[in-house]
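Student: Got a predicted model here, sequence first, then my questions.
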Amino acid sequence: MLAFTKRLGGIMEGYTVWLVAGAVIILVLASYAAILLMRLRALSKAQRAAVQAADDAVVEFQPASNEHALGARESIRVLAKCFLDGQVGGSELCLRVAVLVDQPAIDAGVRQQAGVFVEMAAELADIPTHDAWKSLGRTERENYRKHMAALEEKHGAAMREAAEILAR
């Protein structure tokens, strides 16, 4: 029996180094996995907090439909006053009011009163704006200006009347 134990001990001695090395490697890898898991949990927690904060911010900045309607209605009123005071041209007024009237929170009465502006804005829809306007040649711009002036003259009385109503 003693010979068997000596022999077994001799066999195990050769593996002891490998067993210790394997145990150390497993311990190092397990520690590294634990560190990565902690980092992942921290990142997930931070991401959930950021998403929650973003959701809260979106909820805070969404105006109630009544507030939105009041803002659009007030903008229309200010634009109408500026038009009557000569601070805003008829074409610009029509384009801006048409966009504001298109808001879902605007009531039917205001839409009806602003009908002339929406109608004229539809007639102005083919005229380039912003960068497209800047890229036009001088002659093309003049032609468009003449077209706008003709439309303003055609709808002038109705625009003034509607602006007076909307300015109140």
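Tutor: That came in fine, so what should we check first? Numbers count the residues shown, from 1 in each chain.
Student: secondary structure element for Y15?
Tutor: helix 2-61 (DSSP states H and E).
Student: following that helix, which helix or strand shows up next?
Tutor: helix 65-84.
Student: what element comes up after that next one heading to the C-terminus?
Tutor: Downstream of helix 65-84 (by DSSP H and E), the next one is helix 90-101.
Student: Next, the buried residues of that following helix.
Tutor: Neighbour counts over helix 90-101 (16 or more other Cβ atoms under 10 Å) mark G90, S91, L93, C94, L95, R96, V97, A98, L100, V101 as buried. Just so you know, the C-beta spots here come from the backbone N, C-alpha and C atoms, and that holds for glycine as well.
Student: Can you list the neighbours in contact with that helix?
Tutor: The contact list for helix 90-101 (Cβ atoms under 8 Å, 6 or more residues apart in numbering) reads 72, 75-76, 79-80, 82-83, 88, 106, 110-111, 114, 116-118, 120-122, 124, 129, 148, 151-152, 155-156, 159, 163, 166.
Student: Which strands or helices does whatever helix or strand comes next after it pack on?
Tutor: From helix 90-101 onward toward the C-terminus, using DSSP H and E, the following helix or strand is helix 108-113. Counting contacts by 3 or more Cβ pairs under 8 Å, 6 or more residues apart in numbering; DSSP states H and E, helix 108-113 is packed against helix 138-166.
Student: of all the buried residues of helix 90-101, which comes closest to G22?
Tutor: L100 (74.6 Å; Cβ to Cβ).
Student: Leaving out sequence neighbours, find the closest residue to the closest one.
Tutor: Using Cβ to Cβ, 6 or more residues apart in numbering and skipping the chain neighbours, the partner closest in space to L100 is A72 (4.8 Å).
Student: Could you do A98 as well?
Tutor: Nearest non-adjacent residue to A98 (Cβ to Cβ, 6+ apart): A121, at 3.5 Å.
Student: The one you found: which element?
Tutor: Applying DSSP H and E, one finds A121 within helix 115-123.
Student: Need the contact partners of the helix or strand just after that helix.
Tutor: Using DSSP H and E, the helix or strand that follows helix 115-123 in sequence is helix 130-134. Applying Cβ under 8 Å, 6+ apart, the contact partners of helix 130-134 are I127, R141.
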